[in-house]
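Enquirer: Give me a model of this one.
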Amino acid sequence: MYFVGNRVFSNRSAIVIGGLILAFAISVACGGAAAPVDQSPAGSQTGVSQAPVTQAPVAQAPVAQAPVAQAPVAQAPVAQATSTPAPEVSLEISRALKIVTFSEEIHLDYMDGNSGPAGEHFRNSFTEPLIQRITGSSELKGLSAESWEAVDGDPAHWRFKIRQGIEFHNGEKFDAHAAVTDINFIKLPERGMIYSESVGGDHEVVAVDDYTLDLICEGPCPLGPTGMRFTHFAAPDWYTNASEEERKSMFITSGPFKFVEWQRGVKIVAEPFENYWQGEVKGFPEVTIFWRDEDTVRAAMVQTGEVDWAFAVGPQNFDNVPKTVIGESSEVVLLKINSKNREPFKEPKVRLALRHAIDCETLNEQLYRGLGICRGSPFNDKLTGSRDDIQVPLAYDLPKARQLLEEADYFNKWPGFEFKITTRNGRFPRDVEMFEAISGMWNEAGFTSGVNVVEGSIYSNHSNQNDPSSPRFGVGADIISWPHGNETGDSWFSLRNITCDHRSGYGCDDFLESQIPLAGALSGDEREAKLYELWKYVYDTGLLPGVLELPIVYGVSERLDFIPRAAREVRWNEQMRWLE
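Expert: Predicted structure coming up:
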């Protein structure tokens, strides 16, 4: 993102501490401070090359003319095995850890994609996917997979070597057969898992032998290894025979921590797994997860010592916690404009007028202390297919917005048209304030708009307007907010949201509909060029406008060291250590 390392601010010392804080971090023998620190467990690892990573510029006032696009050189996804030493973990202090997040989980079945958004940042402390990725880097690292390769260089056929000696929390063995059983659950369409879309198409998984797993796609799937980041495995015998309620109440998996209890409405309690393949975690004999909707309440819990760490306390609480750590989220707040089911929004000039009427720089300064980055596209600048010109937001220009509405004959064609932004409260700091401000800007341009704040399940119904089981099927919302995170390193994962039949798709464009699948099958330079071409079309027609790339402000106790990944995911044993 736009941080050099991770910035840590202490309210005792007001000193900026560099990114390499933790004594247990992986040793870095070379390289500069601009890259995020990789705290992943090591072993034999494989990298899949993506477009080059560049440091994002500090947000400036948007300009009307986009710079000339320069294509980055994208490398084909050829797997190369490497090896690094395992991280050294400091075991000097052992104490129970308490954390707070923004909402309670809907359920704990992490092989079902609707478990809730809060678990995104702590579920990897329980699970052990095949692959782990650091956002903003081209590098993938193995967890339960030791290595992987494209068989004979074929991007439709990937082979993974499974790490031996891994067991589930109930004693079941993890091997290729267990992986096949679980993936066949994970990829069921009704589960809505990110996994299948990340892999990139229809496929099967085959156990070649006990510790060799093949991923075989119907067509090229160059993002196949990236999709394996979302394989949150469960003990297969237990899972196959458990009731739905059992699956949703206590997930038995294979990561460094295991669930002890879930007191609904109160807390989740975890403890280290004694037979974890990298060794039992000693620093945190117990971890308790609480949840509070309000970011100010989460900040207060850290300040009073009730918890040691809080997710997303927001820039407004810088002075209300002992220490703040600023991390990356990969999330860009975007507006899903319903150009499929709202007649006025089918007109590109109306959509472009909406974006020209948003003063993103003022939103960023007044709500987020200038820590965000205003974006022209719904993803950051590190992804394959991103170029400078489509990352420059359309200029805040009310006269231009009004001119576009006149050219579209908006007021004569759709007299009295009113619309609302549908959003949730507390999905990210100051979210409702942001959308209320945007609605006010649109009204100043001549629109008649408002904000519809709903609870999570109703939001999901509005979002999934192409799901026949949704009460809002074929209707959706007028415009729906979306803090969209793309951690695949590739912009195709974002692009598929514009297909006409995507479960939560709000755009539907005749030109894009045939082109998006073609782009997904390409590799290397061809893929980068095609993705850019399609995103330039999206940018020029206002189909899926980005607004603001968000940072995450963590509240942290003075006695705890914490280094975030370049994403929302957190593994407590790798990223935290007691100082005192």
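
Enquirer: and the longest helix along the chain, what other elements does it pack with?
Expert: Residue-count comparison of every helix in the chain, with assignments taken from DSSP state H, identifies helix 524-541 as the longest. With contacts defined as 3 or more C-beta pairs under 8 Å, 6 or more residues apart in numbering; DSSP states H and E, the secondary structure elements packing on helix 524-541 are helix 348-356, helix 492-495, helix 510-520. C-betas here are computed from N, CA, C, even on glycine.

Enquirer: Lys323: which of the ones you listed is closest?
Expert: Closest to Lys323 of those is helix 492-495 (C-beta to C-beta; 33.4 Å).

Enquirer: Dump the C-alpha coordinates for the closest one into PDB.
Expert: What follows is helix 492-495, C-alpha atoms only, in PDB (Å, rounded to 0.1, in the frame of the first residue of the first chain):
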ATOM      1  CA  TRP A 492      -9.500 -10.400 -12.500                       C
ATOM      2  CA  PHE A 493     -10.900 -11.400  -9.100                       C
ATOM      3  CA  SER A 494     -12.400  -7.900  -8.900                       C
ATOM      4  CA  LEU A 495     -13.600  -7.800 -12.500                       C
END
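
Enquirer: and that helix, what other elements does it pack with?
Expert: With contacts defined as 3+ C-beta pairs under 8 Å, 6+ apart, helix 492-495 has these neighbours: helix 510-520, helix 524-541.

Enquirer: hmm, 10 Å instead?
Expert: Counting contacts by 3 or more C-beta pairs under 10 Å, 6 or more residues apart in numbering; DSSP states H and E, the secondary-structure elements packed against helix 492-495 are helix 194-199, strand 479-485, helix 510-520, helix 524-541.

Enquirer: Can you say which of the ones you listed is packed in most?
Expert: When you average the neighbours per residue for each of these (mean count of other C-beta atoms under 10 Å), strand 479-485 leads with a mean of 23.

Enquirer: Would you give the sheet partners of that one, along with the direction of each?
Expert: Paired neighbours of strand 479-485 in the sheet (DSSP bridges): strand 323-337 (antiparallel), strand 419-423 (parallel).

Enquirer: For the ones you listed, which has the smallest mean pLDDT value?
Expert: Mean pLDDT is lowest for strand 323-337 among the strands paired with strand 479-485, at a mean of 90.

Enquirer: what angle do it and helix 348-356 make?
Expert: Regarding strand 323-337 and helix 348-356, their directions subtend 160 degrees when assessed with axes from the mean of the first three to the mean of the last three C-alpha atoms, to 10 degrees.

Enquirer: Any stretches of this protein with poor pLDDT?
Expert: Counting by pLDDT under 70, the chain contains low-confidence residues at 1-91, 133-138, 566.

Enquirer: switch to 50 and redo it
Expert: Along the chain, the parts satisfying pLDDT under 50 run over 1-7, 12-90, 135-136.

Enquirer: Strands of the stretch 301-450 of the chain, start to end?
Expert: 309-310, 323-337, 373-374, 419-423, 449-453 (DSSP state E, counting those that start in this stretch).

Enquirer: got those strands as CSV, with distance to Ser514 and mean neighbour count columns?
Expert: Listed next are these as CSV, based on distance: least, C-beta to C-beta, whole Å; neighbours: other C-beta atoms under 10 Å:
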stretch, distance to Ser514, mean neighbour count
strand 309-310, 46, 28
strand 323-337, 21, 24
strand 373-374, 32, 24
strand 419-423, 29, 22
strand 449-453, 33, 18
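
Enquirer: in the sheet, who's paired with the spatially most central residue of the chain?
Expert: Centrality entry for the chain: nearest residue to the mean C-alpha point is Gly485, 3.4 Å, by C-alpha atoms, centre = their mean. Under the criterion DSSP bridges, Gly485 forms beta bridges with Glu331.

Enquirer: quick one: contacts for it?
Expert: Contact analysis of Gly485 by C-beta atoms under 10 Å, 6 or more residues apart in numbering lists 117, 120, 135, 194, 329-332, 379-380, 493-494, 550, 567-568.

Enquirer: quick one: Arg424 from Cys500, how far?
Expert: Using C-beta to C-beta, to the nearest Å, one obtains 25 Å as the distance from Arg424 to Cys500.

Enquirer: So for these two, which sits in the more crowded spot?
Expert: Remark: of Arg424 and Cys500, Arg424 carries more neighbours, 20 against 14, as counted by other C-beta atoms under 10 Å.

Enquirer: Can you tell me the closest non-neighbouring residue to the more buried one?
Expert: When the adjacent residues along the chain are set aside, Arg424 lies closest to Tyr459, with 4.9 Å between them (C-beta to C-beta, 6 or more residues apart in numbering).

Enquirer: The one you found should be in a helix, yeah?
Expert: Yes: membership of Tyr459 in a helix is supported by DSSP: H, G, I helix; E, B strand; the rest coil.

Enquirer: wait, isn't it in contact with Asp431?
Expert: No: in this structure, Tyr459 sits apart from Asp431 without contact. The criterion is C-beta atoms under 10 Å, and the distance is 11.4 Å.

Enquirer: Now the common contact residues for these two.
Expert: Residues touching both Tyr459 and Asp431 by C-beta under 10 Å, 6+ apart: 423-425, 453, 481.

Enquirer: from these, which two are the most distant?
Expert: The span of those, defined through C-beta to C-beta, is set by Asn425 and Ser481 at 10.8 Å.

Enquirer: joint contacts of those two?
Expert: Common neighbours of Asn425 and Ser481 are listed as 431-432, 453, 459 (criterion: C-beta under 10 Å, 6+ apart).
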